[in-house]
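# The sequence and its predicted three-dimensional model are supplied below.
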Amino acid sequence: MSLTAGIWFATPAKSQTSKAELMAHMELASGNYCNYPLPTKQITPAPDGYEPFYVSHYGRHGARYMTGSKHFKYVIGKMDSAQTKGWLTEKGEEILARVKVAAADAWHRDGDLTRLGARQHQGIARRLSQNYPELLMQPITVKANSSTVRRCMLSMANFCQELKALNPQLNVTMDASEHDMYYLIPNDSIFIPGKGCDNALYEKLDSFRHEKLNGRRQIALLFKDPKAVEGWIDGYKFCDALWNIVSDMECLPELGLKFNDLFTDDELIDGFFVYNASWCLWEGLMPGSRPNYYAIYPLLKNFLDEADLIIASGEKQVRLRFGHDSVVLPFSFILGVNEAIHGTQNMDNLHNTFSIIRLIPMAGNVQIIFFRKQGSDDILVKFLMNENETSIPIKTDCYPFYHWKDVSAYYRNILKEANMRYKTLDEYEDEEDSD
């Protein structure tokens, strides 16, 4: 491959996730609960003479149980009470029984990694070894850190064990400590500018959520007299809880629970639209929203600093970090990954340009692969979003590869312009007072 292929720029994502695609693959409608999609793009060979020497990775934990029991408690609490009063329809009795099976399986497993989640990370590790055997089949160091949350630690363990099984010569170190949480999770010590500037967007989101997940059809399906439960059951809260329970079943295929008779395809997709817009706003990726992604800048600095150390040392390494969707999504945006930078305020059509299933499925990840050539100090890198080659907003003459000197300078300048600072005591107290 020639290094004089011409200057290449990122192009806007024209159709991230169409409704037709969702209708054809309904498992995707579960949004950030959805199963990790296998990569679809071909791996571009490195330019002549260039070989991989460093992988820098951040990945979300794999498929998991819901992180709390509030959705189960609300649905079962309301439906149990209705059952004792004889208010449930025959379908209501059936659905309650299935929800109770799911709740019993999830008991004391809040947020735990599922068997599918373990397999997802094993698969990502296996493909990394297969795609870059020149690096992964050598006796190099693999350094891994994870969030102190169990599902992240187990995701790390499954990933690293798979690498070690494929190459017993690897020197694998794993750690999960509060020492590293300042960059592995959103850093709540970082001052976020523009507090309160997005109130109108949150009001718009609240209306959007209540419109899409109103629960009217579900209540009519499950209760003999929908009028009798008005004011007793919050339609939105009930429907939102059911949607989350149903979507989490994508993480538990061995449980074999289906709820196709509870939601229509259109209703499931409406739930995806709701959470797609919610994540875009929550993380500050929607134009006009508070830039909550500032809390991820310590991770960017960690990526840059550790890469520079490895480059200067002349060594080879695989660097793994494991955490959460609340990091993968804003980190992708900060990097300028093409899939993450086209958020809009149009919540009804946001999926056409921005889609969380392209960014934060279970086990979603960002990888930067570093290449060097003997006798040259020009380091090349390429960016992978969920193992698919992607673009960033930097000029290059060798896409999908970029010159590290350009990449490093671009991101260092982002950090400089952000003028990142930590909150003062007064700012902490102001936030506590407003909560």
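Sure, I can see it. Numbers count the residues shown, from 1 in each chain.

# C-alpha only now, for contacts and for neighbours.
OK.

# mind listing the strands for this protein?
For the chain, applying DSSP state E gives strands covering 50-60, 141-146, 171-175, 317-323, 365-373, 380-385, 388-390, 401-403.

# if you compare these, which one is most tucked away?
strand 317-323 (a mean of 24; mean count of other CA atoms under 10 Å).

# Got phi/psi on P291?
Backbone torsions of P291, given as degrees, to the nearest 10, read phi -80, psi 70.

# Which residue ranges make up the domains of this protein?
Domain segmentation of the chain under automatic domain parsing yields 19-65+113-194+293-434, 70-110+199-282.

# okay, those domains in JSON lines with mean pLDDT next?
Formatted as JSON lines, the domains of the chain follow (pLDDT from 0 to 100):
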{"stretch": "domain 19-65+113-194+293-434", "mean pLDDT": "96"}
{"stretch": "domain 70-110+199-282", "mean pLDDT": "97"}
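
# I'd like to know which of the strands of the chain is closest to Q130.
strand 50-60 (12.7 Å; CA to CA).

# Report the central residue of the protein.
Nearest to the mean C-alpha position of the chain, by CA atoms, centre = their mean, lies I360 at 2.5 Å.

# can you pull the contacts of that residue?
32, 60, 325, 328-329 (CA atoms under 8 Å, 6 or more residues apart in numbering).

# So R151 sits against R64, correct?
Yes: if you go by CA atoms under 8 Å, R151 and R64 touch, sitting 7.3 Å apart.

# Identify the contacts common to those two.
Shared contacts of R151 and R64 (CA under 8 Å, 6+ apart): 111-113.

# Closest one to L96 out of the contacts of I360, please.
N32 (24.6 Å).

# what's the spacing between the closest one and V246?
When CA to CA, to the nearest Å is applied, the distance between N32 and V246 equals 13 Å.

# Which of these two has more residues huddled nearby?
A direct count of neighbours by other CA atoms under 10 Å for N32 and V246 places N32 higher, at 26 against 22.

# Can you tell me, leaving aside adjacent residues, what's nearest to the more buried one?
In space, and not counting its chain neighbours, N32 is closest to P361: 4.7 Å by CA to CA, 6 or more residues apart in numbering.

# Contacts only, for the nearest residue to Y422 once chain neighbours are set aside.
Spatial nearest neighbour of Y422, excluding adjacent residues (CA to CA, 6+ apart): I190 at 4.5 Å. Residues in contact with I190 (CA under 8 Å, 6+ apart) are 294-295, 420-423.

# Now restrict those residues to buried residues only.
The neighbour-count test (16 or more other CA atoms under 10 Å) marks 294-295, 420 as buried among the contacts of I190.

# and those residues as JSON lines, adding distance to W87?
JSON lines is the format used below for these (distance: CA to CA, whole Å):
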{"residue": "Y294", "distance to W87": "49"}
{"residue": "A295", "distance to W87": "48"}
{"residue": "M420", "distance to W87": "56"}
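
# and which of those residues is nearest E90?
A295 (48.8 Å).

# wait, doesn't that closest one sit right on M181?
No: checked against CA under 8 Å, the pair A295 and M181 is beyond contact range at 11.8 Å.

# Between the two, which contacts overlap?
Common neighbours of A295 and M181 (criterion: CA under 8 Å, 6+ apart): N187.

# circling back: looking at the shared contacts of R151 and R64, spot the one nearest D240.
G111 (18.0 Å).

# Report the contact partners of that closest one.
64-68, 151.

# Any of those residues buried? List them.
64-66, 151.

# In a markdown table, list these along with distance to E90.
Below are the buried ones among the contacts of G111 laid out as a markdown table (distance: CA to CA, whole Å):
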| residue | distance to E90 |
| --- | --- |
| R64 | 31 |
| Y65 | 28 |
| M66 | 27 |
| R151 | 37 |
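
# Out of those, which comes closest to K204?
The closest of the buried ones among the contacts of G111, once distances to K204 are taken by CA to CA, is M66, at 26.3 Å.
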